[in-house]
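In: how would this look folded up:
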Amino acid sequence: MVSCNEYGQPVGVPVAWSGPAGTPATTHHGRWVELRLLTTGFATDITGTLSPYPRLWTYLPTPAPGDPAAAAAGIDMLTGTADAVGYAILDRATGQFAGQVAYLRIQPAIGSIEVGWICYAPWFQRTRGATETQYLLMRHAFELGYRRYEWKCDALNQPSRAAAARLGFVEEGTWRNAMIVKGRNRDTTWFSITDAEWPAVRAALETWLDERNFTTDGAQRRSLGTIRVGS
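Out: Sure thing, here's the model as predicted:
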């Protein structure tokens, strides 16, 4: 939607927005997962749960850490920046470490925040807990007052692109030659959800996560994409 100024030029609509309230750095308790702030205390969990699967790290900025010291250094690199908050994902039923995720590029002044640094244990992928992880972080960001929620990935990372689309992100385009990662060119594809889109995205996610959407053996009755189209 656009409006025009006194010169007849199209301009953006006025925004009554006072900025985010509070911090994105907090523990999250879901039905299936608990998200705890990522510290070096989880270094052994990372090397024991994620490092044995190097393919999980192909599109991440660093290779799979070979030992807890390397994992701790990676955690320090992430959490040592002012615009990032890392999380350890724990399965609530077992307490088992399931993966990592982070808020990145936190920009309160313009109301933009990104989710990334995603690495799930193989057994955790495509579970209700994996979807709930993303839902909890989205919900918190928009409840704080962020206007834009971003997802970026290597343009060649098809699983990440599919995950973004499934969750309700809108593809915005690809930045060619965006960076060099591990000595290779990376084109980066951008996705986002805006605060105007969030109510519909939230409704679809909550409907999918609802216990009534699953059979007694845990099979989904309706896919998230089907729910979104139906809404």
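
In: Met138 contacts Asp195, correct?
Out: No - in this structure, Met138 is not within contact of Asp195 by Cβ atoms under 8 Å, at 10.9 Å. From N, CA and C alone the C-beta is placed, and that goes for glycine too.

In: Can you give the distance of the top helix by length along the chain from its chain's centre?
Out: In the chain, taking DSSP state H as the definition, the longest helix is helix 128-144. Relative to the centre of its chain, helix 128-144 is centred 8 Å away, using Cα atoms, centre = their mean, to the nearest Å.

In: Could you check how far Ser160 is from Gly66?
Out: 24 Å (Cβ to Cβ, to the nearest Å).

In: sorry, that was for Phe169
Out: From Phe169 to Gly66 the distance is 33 Å (Cβ to Cβ).

In: which one of these two has more residues nearby?
Out: The residue with more neighbours, out of Phe169 and Gly66, is Phe169; 22 against 10, by other Cβ atoms under 10 Å.

In: a strand runs through Cys119, doesn't it?
Out: Yes - counting by DSSP: H, G, I helix; E, B strand; the rest coil, Cys119 is located in a strand.

In: ok, it touching Leu60?
Out: Yes - contact criterion Cβ under 8 Å: Cys119 and Leu60 qualify, at 6.4 Å.

In: What count of nearby residues applies to Pro159?
Out: Neighbour count for Pro159, taken as other Cβ under 10 Å: 10.

In: helix, strand or coil for it?
Out: helix.

In: Same check on the one 3 residues further on?
Out: Taking three-state DSSP as the rule, one finds Ala162 in the helix state.

In: ok, now Phe42?
Out: Taking three-state DSSP, the label given to Phe42 is helix.

In: Wait, it touches Leu78, no?
Out: No - assessed by Cβ under 8 Å, Phe42 is found out of contact with Leu78, at 11.4 Å.

In: More neighbours: those two, which one.
Out: Phe42 (23 against 19).

In: Return the distance of that one relative to Gln96.
Out: Using Cβ to Cβ, we find Phe42 at a distance of 12 Å from Gln96.

In: how about low-confidence regions in this protein?
Out: Residues of the chain meeting the criterion pLDDT under 70: 231.

In: That one: helices as residue ranges?
Out: Secondary structure of the chain by DSSP H: the helices cover 43-49, 68-79, 128-144, 158-167, 198-209, 224-230.

In: what's in contact with the third one?
Out: Okay, so that is helix 128-144. By Cβ atoms under 8 Å, 6 or more residues apart in numbering, the surrounding residues in contact with helix 128-144 are 20-24, 26, 28, 30-33, 35, 87, 89, 91-92, 98-99, 101, 103, 113, 115, 120, 124, 149, 167, 193, 195, 198, 201-202, 205-206, 208-209, 214, 218, 224.

In: Would you point out which residue is most central in the protein?
Out: Nearest to the mean C-alpha position of the chain, by Cα atoms, centre = their mean, lies Val115 at 3.4 Å.
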